[in-house]
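Participant: How does the following fold in three dimensions:
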Amino acid sequence: MKMKKTGRSIEVDIHGLTADEAKKRLEHILSGAAPDVEEVRVIHGYNSGQALLTMVRQKLKHPRIEAKILSLNPGETRLLLKSKK
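Facilitator: Alright, predicted model coming up:
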């Protein structure tokens, strides 16, 4: 898993993880994200199966997620975050 923070956005590449591993890591990242982080871009891919895509788009739930935006790139999902109180 690769992670890169740029301004108010975090990019996370979860290629190579199982859906369960990726879910746990994303939940950890979302819980620990700084209050100024507004978006998490999740790179999950789509050519090598649908498990990660399905997990991110349908099964991933977290109190910080305000919306899930499907990108023009089918291998990426953007998570818009609520501000941390």
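Participant: show me where the chain has helices.
Facilitator: 19-32, 51-54 (DSSP state H).
Participant: Check those for me and report the most buried one.
Facilitator: Ranked by mean neighbour count under mean count of other Cβ atoms under 10 Å, the helices of the chain are led by helix 51-54, which reaches a mean of 18. In short, each C-beta sits where N, CA and C put it, glycine included.
Participant: which residues sit against that helix?
Facilitator: Contact partners of helix 51-54, identified using Cβ atoms under 8 Å, 6 or more residues apart in numbering, comprise Ile14, His15, Leu17, Thr18, Ala19, Ala22, His44, Gly45, Tyr46, Pro74, Gly75, Thr77.
Participant: Confirm for me that the fifth one is in contact with Met55.
Facilitator: Yes. Under the contact definition of Cβ atoms under 8 Å, Ala19 touches Met55, with a separation of 4.1 Å.
Participant: can you tell me how far Leu72 sits from Gly45?
Facilitator: 15 Å (Cβ to Cβ, to the nearest Å).
Participant: do the same with Leu81
Facilitator: 22 Å.
Participant: Show me which of those two is the more surrounded one.
Facilitator: Comparing Leu81 with Gly45 by other Cβ atoms under 10 Å, the one with more neighbours is Leu81, at 22 against 17.
Participant: Contacts only, for the residue nearest to that one when sequence neighbours are not counted.
Facilitator: Nearest in space to Leu81, with sequence neighbours left out and distances taken as Cβ to Cβ, 6 or more residues apart in numbering, is Arg64 at 4.8 Å. Listed by Cβ under 8 Å, 6+ apart, the contact partners of Arg64 are Leu30, Ser31, Ala33, Leu81, Lys82, Lys84.
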